[in-house]
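Participant: no FASTA, just this:
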């Protein structure tokens, strides 16, 4: 056997590198040039936890997009009603 050294162990293996352990990272999530998420890293951030954060953000974006579509549709329907009421 040999002597154990922390650098050869698995402790912290799944952590994102020390140099990126704090701050934010930009994650590209779609084909558009502006399809970027800015994610704040926790001190002991792992790849798995970062992916979880990205999935949560994307779910929130999808929900907001659906809500925006409903609002736009309501406005179009309301405009149609107003046009019908204003017609001679």
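Facilitator: Now that the structure is in, tell me what you want to look at. Source: prediction; values computed, not measured.

Participant: can I assume residue 27 sits in a helix?
Facilitator: No: Residue 27: not assigned to a helix; according to DSSP: H, G, I helix; E, B strand; the rest coil it is strand.

Participant: which residues touch it?
Facilitator: For residue 27, the contacting residues are 36, 37, 38, 39, 50, 54, taking Cβ atoms under 8 Å, 6 or more residues apart in numbering as the criterion. From N, CA and C alone the C-beta is placed, and that goes for glycine too.

Participant: Direction included, what does the helix or strand where the third one lies pair up with?
Facilitator: When elements are defined using DSSP states H and E, residue 38 is found to belong to strand 36-41. Looking at strand 36-41 with DSSP bridges, its partner strands are strand 23-28 (antiparallel).

Participant: so for the strand it pairs with, what's the average pLDDT?
Facilitator: For strand 23-28, mean pLDDT rounds to 86.

Participant: and if you look at stretch 63-81?
Facilitator: On average, the pLDDT along stretch 63-81 is 79.

Participant: Residue 54 and residue 29 touch, don't they?
Facilitator: Yes: with contacts defined as Cβ atoms under 8 Å, residue 54 counts as touching residue 29 at a distance of 6.8 Å.

Participant: Overlap of the contact sets of these two?
Facilitator: Common neighbours of residue 54 and residue 29 (criterion: Cβ under 8 Å, 6+ apart): residue 37.

Participant: Which elements pack onto the helix or strand encompassing residue 53?
Facilitator: When secondary structure is defined using DSSP H and E, the element that contains residue 53 is helix 47-86. On a contact count with 3 or more Cβ pairs under 8 Å, 6 or more residues apart in numbering; DSSP states H and E, helix 47-86 meets strand 23-28, strand 36-41.

Participant: for the ones you listed, which one ends up most surrounded?
Facilitator: With neighbours defined as mean count of other Cβ atoms under 10 Å, those peak in mean count at strand 36-41, which reaches a mean of 14.
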